[in-house]
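[1] Need the 3D shape of this:
(2 chains)
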Amino acid sequence: MVEALLVAAVKSAVMLALVLTVCAYMTLFERRLIAGFQLRYGPNRVGPAGLLQPFADAVKLIFKESFRPAGADPLVYWIAPGIAMITALFVYAVIPLGPTLTVLGRPVPLVVADVNVGILLVLGASSIGVYGIILGGWAANSKYALMGSLRSSAQVLSYELVLGLAVASVVLSAGTLSLVEIVNAQQRVWFAVTQPVAFVLFLLGAIAETGRAPFDLPESEQELIAGYQTEYGGFNFAMFYVGEYVGIVTMGLLAANLFLGGWHGPLLPGPVWVAVKTLAFAFFAVWLRATLPRVRQDQLMALSWKVLIEIGFLNLLVTAAILAWRGG
Amino acid sequence: MPEARTETIILNMGPQHPSTHGVLRLVLELEGEVILGATPVIGYLHTGFEKEMEHRTYHQNIVFPARIEYLATFVEETAYVLAVEKLLGVTPPPRAQAARVILSELSRIASHLVALGSSAIDLNVTSLFLYCLQDREEILDILEMVSGQRMMHGFLRIGGMQWDLPEGFEARVRALMDRLPARIDEYDRLLTDNLIWRRRTEGIAVLSAQDALRYGCTGPMLRGSGVAYDVRKAFPYSGYDQYDFDVPVRWNGDAFDRYLVRLEEMRQSRRIITQALDRLPGGPWIVDDRKVALPPRAELTRSMEAVIHQFKLVSEGLHPPPGEVYAAVESPRGEKGYYLVSDGSNRPARVRVRSGSFNNLQALPVMIHRGTVADVVVAIASIDIVLGDVDR
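    Here you go, the predicted structure:
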C-alpha cells in the first residue's frame, strides 16, 4: 500500500515537472516559430539560441508585484488563476505518454493512472477549467475582463459539445473510455483515417476550447486588450498563462492518442512518437495563429451551433449505425 | 418578484488601447456587444503645429507637415510648398515637379502598406503586418537615400527641392517597382481569398455615398463609397495631368471595399512612378529666382549680390505678397490642404490644415452604429486615421 502510494507520488512529481517544462518550452517554440512565419528571429538572446528564455520569463513573472485592482473581489480574484492552472494540470493523471516499459524487471506504465473513464475525466476537467476564466474576468471588476469572460463561457460551452461529439465517435469505434485502450485500438489503423470527420471536428474544437487564434476571442488583444486577463499581472497572470499552454499540450496529446495512433509508429520508441505527434498539433496551432484573421463572436457561435454540432451528431449516428450493422 | 432592470454599458475605448491607432478615445454605449452609440473624443495628440507655423518663416515651416502626418511624408511636404508657391506665383522646374510626383507616390505606397498591415493586425493577421512593414522599409530606405532622413525629410523647398535626386536613385526605384506587384498580389491573395477576412470586412462599417459626402470624407473612404473624387484628377498639381492612371472606385462603402481601393491605388501609384521615371526631365531642381531660392554655393565666392540674397533669405526669409491661398493634394487619407494667409511679412499670419483624417473620423459613429465591438476595430482600421493629422 505504502509502496503503491510512493510510486504514484513519484510518478505524479515527474509528470508535473515534465509537463511544466514542456509548457515553458512550448512558449519558446511558439515564439520562435511565429517569428519564422513573420521573417523575424524571435527570442534568441537568453542562453544558446534563446533556450533559457522561458526561465527568464518565469523568473520575471514570479518577482513581479502581485497587484489587485480596486473594487476586485479579493477571494475570487486570487482563486481564479489557481483553478485555471490546477484543472489544466489535473488531466495529466490519466493521459498516457507511451506504452508500458520494463524497468529493472518491473513493468512501468507511462501513465500515472489508467482510469477506465480516462477521456471523460479529461473533458470534465477542462470544463471546470473555464470557471477560472469566468471567475477571473468577473472578479477583476473591469468591463473588458467581463466581456472576455462572457465570450469565453459562451465559446467553451459550444465547442465542448463539438469536442465531445468528436470524441464520442472515437469512443464508439474503440469500444472503451480508457485512453490506453483507445490507443491500443489503433495498432493497425489510426482513427484519423477511419474517423476523418471527427478528426476535423476535434481539431476545430480543440483550437476553440484552448482559446487559440483564430478563435481567441476571450482575450482578443485588438478588441478587449487582454480579455479576462486584463487586470492580472505577475504570478497570477503566469498561472493563467501556464493553464493556457498546458491546455495546448493537452489537446496535442489528446489528438495524438485519440486520432494519430498514440505511441504506435515505426522505428522510434513510443514516447518519441507521442512527442512528435503532439508537436505536430502545436505546429498546426501556431501556423493557424500566424495566418488567419480572427472570427467574430456571432460567427463563432453560428459555426458551432449551426454547422459543427449537426455534423458531429450525424457522424456519431453514422458511426453507431455502421458499428451496429457490423457487430450485429 | 421585482421587475428585471436592464441598462446599457458605457465602455471607454482608448486613449490607451491596442487598436485605436494612437490616442483616439471612443466612448461606446453597448448593449451586450452591440453598439448603440459612439462618441469619438479627440485632442490627445494636439500639438499646436498650426499656431507654431505662424511664428516661423515660410522656409522654417517646411519641417512641420511631415510631423503632422507622419506616414505619407512627401505628400505632406508637397502640400505645404505648393501653397507657398501659389502665394508667390512661382512654378518649380519640371525636374522638381516630376521628382515630387515620384516621392509622393512612394510615400503613398508606404502609407497604404501601413494601412493594409495595420488593418490586418487588427484582425490578428500579425504576419501580414510584418510583411507590409518590410516592404515599407525598402521605400523608407529610398527616401533616406534622397533626403538623408527616413521620415521627417524637410527636403522639399519653396520652388523646388533641396538638392538633385542622388545617383542610382532611378535604378533603385525601378528595382523596387519591379518587385512590388508580386508582393501586392500576394497580400491580395492572402486576404481577399480568405473566407474569414471577407466575413469580417464585407458589409461591415458601411458608409453610404451620401453620408460620405455629408461628412466631407475624402480619399479611399469616399472612393470606397462610390464617389470618384481624386484631387490629382480634379485639380491636378505637379503635372499629375500628364500621367496616365486610373482612380479606383468601389460601390459598397464597406471595409472590404476600402481595402480593395487601397490595394488598387498602390498598383496605380506604381504606374505613375514608372511613367515619371521614364520621362524624368533633366535640368535644374529649384527655381532660378534669387528672391525665392538660395543662390548656388559657387556663386557666393564671385558675386556680392548673391551673398546679399543668401543673407536676406537665411536671416529673414521671403516676403510673399499679402493675400490668401488654399492648395490641396491627394494624400493617402484624402484631400490634404494648406490654407495660408499672408500679411506681407516673412511669416504666415494664419495657417490652417485641412486634413482628410479629421473629416473621415467624423463618420465613424455612423459606420459602427448597431455593429459590435469587434467591428469597431475593423472600422477604425479601414478609416486609416493618423491621430497627429486629426489633432494637429
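[2] my guess is residue A:130 meets residue A:156, correct?
    Yes: at 4.3 Å, residue A:130 and residue A:156 qualify as touching, with contact defined as Cβ atoms under 8 Å. Heads up, the C-betas are built off the backbone N, CA and C, glycines and all.
[3] Common neighbours of these two, please.
    Counting by Cβ atoms under 8 Å, 6 or more residues apart in numbering or on different chains, residue A:130 and residue A:156 have no common neighbour.
[4] in the stretch 51-200 of chain A, which spans are strands?
    A:101-103, A:106-108 (DSSP state E, counting those that start in this stretch).
[5] wait, I meant chain B
    Along chain B, counting by DSSP state E, strands occupy B:9-13, B:25-31, B:34-41, B:156-157, B:160-161, B:323-331, B:334-342, B:348-354.
[6] With respect to residue A:174, which of the ones you listed lies nearest?
    Of all the strands of chain B, it is strand B:34-41 that lies closest to residue A:174, at 44.7 Å by Cβ to Cβ.
[7] okay, the closest one in PDB with CA atoms only?
    This file holds the C-alpha atoms of strand B:34-41, laid out as PDB (Å, rounded to 0.1, in the frame of the first residue of the first chain):
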ATOM      1  CA  VAL B  34     -23.900  45.700 -29.800                       C
ATOM      2  CA  ILE B  35     -23.100  49.400 -30.200                       C
ATOM      3  CA  LEU B  36     -25.900  51.800 -29.600                       C
ATOM      4  CA  GLY B  37     -23.900  55.000 -29.700                       C
ATOM      5  CA  ALA B  38     -20.300  56.100 -30.100                       C
ATOM      6  CA  THR B  39     -18.600  59.400 -29.400                       C
ATOM      7  CA  PRO B  40     -15.000  59.800 -30.700                       C
ATOM      8  CA  VAL B  41     -13.000  62.100 -28.300                       C
END
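[8] low-confidence ranges in the stretch 1-150 of chain A?
    A:98, A:101-105, A:108, A:110, A:114 (pLDDT under 70).
[9] burial count for the residue in it that chain B sits nearest to?
    At 4.3 Å from chain B, residue A:38 is the closest residue in the stretch 1-150 of chain A, using Cβ to the nearest Cβ. Here the count is done by other Cβ atoms under 10 Å in any protein chain shown, and residue A:38 has 18 residues near it.
[10] mind listing what the residue nearest to it when sequence neighbours are not counted touches?
    The shortest distance from residue A:38 to any non-neighbouring residue, by Cβ to Cβ, 6 or more residues apart in numbering or on different chains, is to residue B:130 (4.3 Å). Contacts were defined as Cβ under 8 Å, 6+ apart; by that measure residue B:130 touches A:38, A:39, A:40, B:117.
[11] Equivalent analysis for residue A:246, please.
    A:19, A:23, A:85, A:88, A:89.
[12] ditto for residue A:74
    Residue A:74 neighbours (Cβ under 8 Å, 6+ apart): residue A:68.
[13] do residue B:165 as well
    With contact set as Cβ under 8 Å, 6+ apart, residue B:165 has these partners: B:99, B:146, B:285.
[14] from those residues, which is closest to residue B:159?
    Nearest member of the contacts of residue B:165 to residue B:159, counting by Cβ to Cβ, is residue B:285, at 9.7 Å.
[15] what separates the closest one from chain A, distance-wise?
    For residue B:285, the distance to chain A (Cβ to the nearest Cβ, to the nearest Å) stands at 37 Å.
[16] Torsion angles phi and psi at the residue lying closest to residue A:171 once chain neighbours are set aside?
    Spatial nearest neighbour of residue A:171, excluding adjacent residues (Cβ to Cβ, 6+ apart): residue A:177 at 5.9 Å. The phi/psi pair for residue A:177 (degrees, to the nearest 10) reads phi -100, psi -10.
[17] Residue A:177: neighbouring residues, count only.
    Neighbours of residue A:177 under the rule other Cβ under 10 Å: 16.
[18] List the contacts of it.
    By Cβ under 8 Å, 6+ apart, the neighbours of residue A:177 are A:116, A:117, A:118, A:119, A:120, A:171.
[19] Recalculate using a threshold of 6 Å.
    Shown in contact with residue A:177 (Cβ atoms under 6 Å, 6 or more residues apart in numbering or on different chains): A:117, A:119, A:120, A:171.
[20] Kindly report the same for residue B:78.
    B:100, B:104, B:329 are the contacts of residue B:78 under Cβ under 6 Å, 6+ apart.
[21] hmm, which of the residues you listed are the buried ones?
    B:100, B:104, B:329 (16 or more other Cβ atoms under 10 Å in any protein chain shown).
[22] ok, so what distance separates the closest residue to the last one other than its chain neighbours from residue B:337?
    The one in question is residue B:329. Leaving aside its sequence neighbours, residue B:329 sits nearest to residue B:79 (Cβ to Cβ, 6+ apart; 4.5 Å). Noted for residue B:79: a distance of 7 Å to residue B:337, by Cβ to Cβ, to the nearest Å.
[23] more neighbours, those two?
    Neighbour tally, residue B:79 and residue B:337, criterion other Cβ under 10 Å: the higher count belongs to residue B:79, 29 against 21.
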